[in-house]
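1. This is a predicted model, with the sequence first.
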Amino acid sequence: KAGVTQTPRYLIKTRGQQVTLSCSPISGHRSVSWYQQTPGQGLQFLFEYFSETQRNKGNFPGRFSGRQFSNSRSEMNVSTLELGDSALYLCASSGDSVSGANVLTFGAGSRLTVL
Amino acid sequence: LAKTTQPISMDSYEGQEVNITCSHNNIATNDYITWYQQFPSQGPRFIIQGYKTKVTNEVASLFIPADRKSSTLSLPRVSLSDTAVYYCLVGPLGAAGNKLTFGGGTRVLVKP
């Protein structure tokens, strides 16, 4: 069973540019959530999508946005990049079962460097 | 939401047992405790999940006392490849995002 796939793995942008990151969840998983990870702040929740609808949102500015497609693949976009946006962006998917253990499966992440 | 606290770092030696404790004093009745392992530039990888008492799998054990205000991840006989950051997460089953509380992570260094 393929895991969570994130692309690109690494990218470098300059301030003011925008970036789009992609996440393909595990087949059958309908929930996709995004996180920003930095050395100083740890794992910070960005947003969660379920069946193409944003179900939860973290405390990030409107420059951060996302969407989910009918095949559960998700993208996140960051506009007007700032130096502080440099981070590892992680995507996680999970199934929607209500019984038994249900855990987040993370992708390898997209490492964004803003110069 | 439960607030989780973990030690920042721990050192150990190959072959020893490593125990990492996570404090979650205000854990809710429907919250589970999940531990993840993360290597540099990789996403966190699921290790173990539990609700109460003891859970064991092929890589680790999770001890949760009756009051559930803390949990201890036990890694038996660690090797150099177990050097990583370990995260404790608390939240309901199937939860994501702001329904979860992430610990700050414990950096474990295994020395030869």
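-> Received, thanks. Residues are numbered from 1 along each chain as shown, chains lettered A, B, ... in the order given.
2. got the phi/psi numbers for residue A:59?
-> Phi and psi for residue A:59, reported as degrees, to the nearest 10, are phi -100, psi 70.
3. Ok, residue B:87 next?
-> According to degrees, to the nearest 10, residue B:87 has phi -110, psi 140.
4. right, and it touches residue B:33 too?
-> No. The criterion here is C-beta atoms under 8 Å, and residue B:87 misses it with residue B:33 at 11.1 Å. For the C-beta atoms, the positions are set from N, CA and C on the backbone; glycine is no exception.
5. and the closest residue to chain B within chain A, how many residues sit next to it?
-> Proximity of chain A to chain B (C-beta to the nearest C-beta) peaks at residue A:106, 3.3 Å away. Neighbourhood size, residue A:106 [other C-beta atoms under 10 Å in any protein chain shown]: 24.
6. In contact with it, which residues?
-> If a contact means C-beta atoms under 8 Å, 6 or more residues apart in numbering or on different chains, then residue A:106 has A:4, A:90, A:91, A:92, B:36, B:43, B:44, B:45 as its contacts.
7. which SS class is the fourth one?
-> It refers to residue A:92. The three-state label given to residue A:92 by DSSP: H, G, I helix; E, B strand; the rest coil is strand.
8. Was I right to think it contacts residue A:109?
-> No. Residue A:92 lies out of contact with residue A:109 (C-beta under 8 Å); the separation is 10.2 Å.
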